[in-house]
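Novice: got a predicted model here, sequence first, then my questions.
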Amino acid sequence: MLLRPRSDFFALSIRQPWAFLVVTAQKNLELRTWGTNHRGPIVIHASRQVDEVAAAYFGFEIVSWPVGVALGVVQIVDVLTLGRRELVRCQSSHRSWGPFTHGMRGWVFSKQQVLANPVAMRGSKGLFPIPDEEVRQIVEQL
């Protein structure tokens, strides 16, 4: 189990279908304009917004995506500062065509676990703390 019940659990909101690709280990690198010193488990939260262009690109039906829920747990194992060369080299891990800017941070994920029953919860910007009740519901599934 990656998580223990505790109140200092954090989540990251990601739009669908990207959140699904992250928790199913099809996308191991998440680009952000900011980094984090946090290493270890975080919950991946599917935000209420869907990236319709990406869903169409991957051939996904938009109506089937769970949103506003915790989808799974991943480990942050590293955060890289990426230039253009590194971005090109990491393209298959990121699964996106852009936008890329010099100095972006690549959050490297591993040990992905999908929740059998997504847990409804509010999202937020940045790494945000998860209420104890939602933590309990997530941990019970791991």
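Specialist: All right, it came through fine. Numbers count the residues shown, from 1 in each chain.

Novice: what secondary structure does Glu133 sit in?
Specialist: Three-state assignment for Glu133 (DSSP: H, G, I helix; E, B strand; the rest coil): helix.

Novice: buried residues in the longest strand belonging to the chain?
Specialist: When the chain is parsed with DSSP state E, its longest strand is strand 104-120. Within strand 104-120, the residues that count as buried by 16 or more other Cβ atoms under 10 Å are Met104, Arg105, Gly106, Trp107, Val108, Phe109, Gln112, Gln113, Leu115, Pro118, Val119. C-betas here are computed from N, CA, C, even on glycine.

Novice: and the helix or strand just after that strand, which residues are buried?
Specialist: Per DSSP states H and E, the first helix or strand lying C-terminal to strand 104-120 is strand 127-129. For strand 127-129, burial by neighbour count (16+ other Cβ under 10 Å) applies to Phe128.

Novice: partners of strand 127-129, with directions?
Specialist: Counting by DSSP bridges, the strands paired with strand 127-129 are strand 10-16 (antiparallel).

Novice: and the next element down the chain from the partner strand?
Specialist: Counting by DSSP H and E, what follows strand 10-16 is helix 18-23.

Novice: extract the C-alpha trace of the following helix or strand past that following helix and format it as CSV.
Specialist: For helix 18-23, the succeeding helix or strand toward the C-terminus, using DSSP H and E, is strand 29-32. Taking Å, rounded to 0.1, in the frame of the first residue of the first chain, the C-alpha atoms of strand 29-32 are listed here in CSV:
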residue,chain,number,x,y,z
LEU,A,29,5.5,12.6,-17.1
GLU,A,30,3.3,15.6,-16.3
LEU,A,31,4.5,19.0,-17.4
ARG,A,32,4.0,22.0,-15.1
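
Novice: for the next helix or strand after strand 29-32, which outside residues touch it?
Specialist: Heading C-terminal from strand 29-32, the first helix or strand you meet, by DSSP H and E, is strand 40-50. With contact meaning Cβ atoms under 8 Å, 6 or more residues apart in numbering, strand 40-50 is reached by 2-3, 9-17, 19-20, 22-23, 62, 65-76, 111, 118, 121, 123, 127, 130, 138.
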